[in-house]
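Enquirer: requesting a structural model of the entry that follows:
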Amino acid sequence: MTELPLIGEAVAGAPDARSLAGAKIGVITFPGTLDDRDAARAVQLAGGTPVSLWHADTSLGDVDAVIIPGGFSYGDYLRAGAIARFAPLMSKVIDAANSDARLPVLGICNGFQILTESHLLPGSMIKNDHLKFMCRDQVLRVENSRTDWTLDYAEGQEITVPLKNQDGQYIADDKTLDALEAEGRVVFRYVGFNPNGSRRDIAGISNAAGNVVGLMPHPEHAVEQGFGPQSLDGIGGTDTDGLGFFTSVLNKIVGGAK
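Expert: Residues are numbered from 1 along each chain as shown. Below is the predicted model of the structure:
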């Protein structure tokens, strides 16, 4: 098996890998977080430097972006993400994401739930419509390749990444859904099968500025050859379809990609 190349080798026109290593991506851990180490490894494989952050921290330090990973923060007590939203570090994330600097923030699964609870993203997440935990490889279509986290994808591209959730049904009123569609803020849509009943097959959305993105599937589990999902029935891509999230934000930070 060949070693996965760093972004500087894998992406045409990418900045030098040594420069990318200077980009620091914070990964927040809450009580009940499961995928923080996977997210940190994805950052490292992409060429960046992961920085561990604790939910009770009162400063983000000098990180250039933040990932809120998946899991079951506080056991999903009350609602998924409802308690984590009030963690001390989340107030810093909210301020930084809404500042003129527009800190890039990615929420994956439980992280997406926390972003909606924090009102960094609109709508809400509720129980899957079939009321069961769902775990499968899921095909997604990239609807917006202009966010800080999707620059290395093409609009209309179909990718395959793992999905695992029980509170994955994205809901919002029709006015909000219409606005998301009109403003191009639906970033990912489920293809072939809607695993949780999300409105309009929405798998991920962004804020208006494009620096905050949330999605239910797990791109951090599709970043290494031989350890990710293969294409499903000839649809979608490869073991490393999720790597583009992490290379995108690194290119944005280091290269100033627009």
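
Enquirer: name the surrounding residues that touch the helix or strand hosting residue 189.
Expert: Per DSSP states H and E, residue 189 falls inside strand 186-190. By Cβ atoms under 8 Å, 6 or more residues apart in numbering, the residues outside strand 186-190 that reach it are 138-144, 147, 150, 180, 198, 200-206, 213, 215, 217. All C-beta atoms are positioned from the backbone trio N, CA, C, and that covers glycine.

Enquirer: and those, which are buried?
Expert: Buried residues within the contacts of strand 186-190, counting neighbours by 16 or more other Cβ atoms under 10 Å: 138-144, 147, 150, 180, 198, 201-206, 213, 215, 217.

Enquirer: contact partners for residue 176?
Expert: By Cβ under 8 Å, 6+ apart, the contact set of residue 176 is 122, 123.

Enquirer: check which helix or strand it maps to.
Expert: Secondary structure from DSSP H and E places residue 176 in helix 174-182.

Enquirer: using PDB, list the CA coordinates for that helix.
Expert: The C-alpha coordinates for helix 174-182 follow below in PDB (Å, rounded to 0.1, in the frame of the first residue of the first chain):
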ATOM      1  CA  ASP A 174     -40.300  26.500   4.400                       C
ATOM      2  CA  LYS A 175     -39.200  30.100   4.500                       C
ATOM      3  CA  THR A 176     -35.800  29.100   5.900                       C
ATOM      4  CA  LEU A 177     -35.500  26.200   3.400                       C
ATOM      5  CA  ASP A 178     -36.400  28.500   0.500                       C
ATOM      6  CA  ALA A 179     -33.800  31.000   1.600                       C
ATOM      7  CA  LEU A 180     -31.100  28.300   1.900                       C
ATOM      8  CA  GLU A 181     -31.800  27.200  -1.600                       C
ATOM      9  CA  ALA A 182     -32.000  30.700  -3.100                       C
END
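
Enquirer: let's have the chain start at 31 instead
Expert: New numbering, starting at 31: the last item is helix 204-212.

Enquirer: buried residues in it?
Expert: So, applying 16+ other Cβ under 10 Å, buried residues of helix 204-212: 207, 210.
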